[in-house]
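Enquirer: coords please:
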Amino acid sequence: MKKILCLPLKKQWYEMIESLIKGAEYRGITAYWIVRLFEYSDGSNIPRMTANILAAHPEILSLRLGQGVIVFKKYTHVKFSYGYTKRTMTFEIESITIGKGNPEWGAPKEKVFIIKLGNKVIV
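Expert: Coordinates of the predicted model:
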């Protein structure tokens, strides 16, 4: 069963992914993205207050992830939209990790969530 992560992109990043130049998308380690990308290993949601603590202390996030206390949600695909228009494209998700991304692809200097793209899917 497909579980799709929907992400709007600015023109530059959308076009780089569309032309297969950019093979990953990045999201900051914030409470918003922790709630959106993670869950407890039992499938329950991570509360916003806990996400705020994890965002302020990424080392705890990495520790809890390594211990299996929290896990990435089982997204199978990512659907990008060109801003908030109907123009979209969908890719399989190869992996979601934490690390440093490629600055040429818009990654900041600090660690981020890296959504590594797999094959483009024709919808």
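Enquirer: which SS state does residue 54 fall under?
Expert: State at residue 54, reduced to three classes by DSSP: H, G, I helix; E, B strand; the rest coil: helix.
Enquirer: quick one: the strands in this protein?
Expert: With DSSP state E as the criterion, the chain has strands at 4-9, 24-28, 38-40, 70-72, 77-82, 88-99, 112-121.
Enquirer: who does the fourth one touch, helix- and strand-wise?
Expert: Meaning strand 70-72. Here strand 70-72 touches strand 38-40, helix 58-67, going by 3 or more Cβ pairs under 8 Å, 6 or more residues apart in numbering; DSSP states H and E. Placement of C-beta: from N, CA and C, glycine included.
Enquirer: ok, residue 99 touching residue 114?
Expert: Yes: using Cβ atoms under 8 Å, residue 99 is in contact with residue 114, at 5.5 Å.
Enquirer: Tell me which of the two has more neighbours.
Expert: For residue 99 and residue 114, the more surrounded residue by other Cβ atoms under 10 Å is residue 114, and the numbers stand at 19 against 11.
Enquirer: one step back: the helices and strands packed on strand 70-72 into a markdown table, with extra columns for mean neighbour count?
Expert: Output for the helices and strands packed on strand 70-72, formatted as a markdown table (neighbours: other Cβ atoms under 10 Å):
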| stretch | mean neighbour count |
| --- | --- |
| strand 38-40 | 17 |
| helix 58-67 | 14 |
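Enquirer: Nice, that's everything, thank you.
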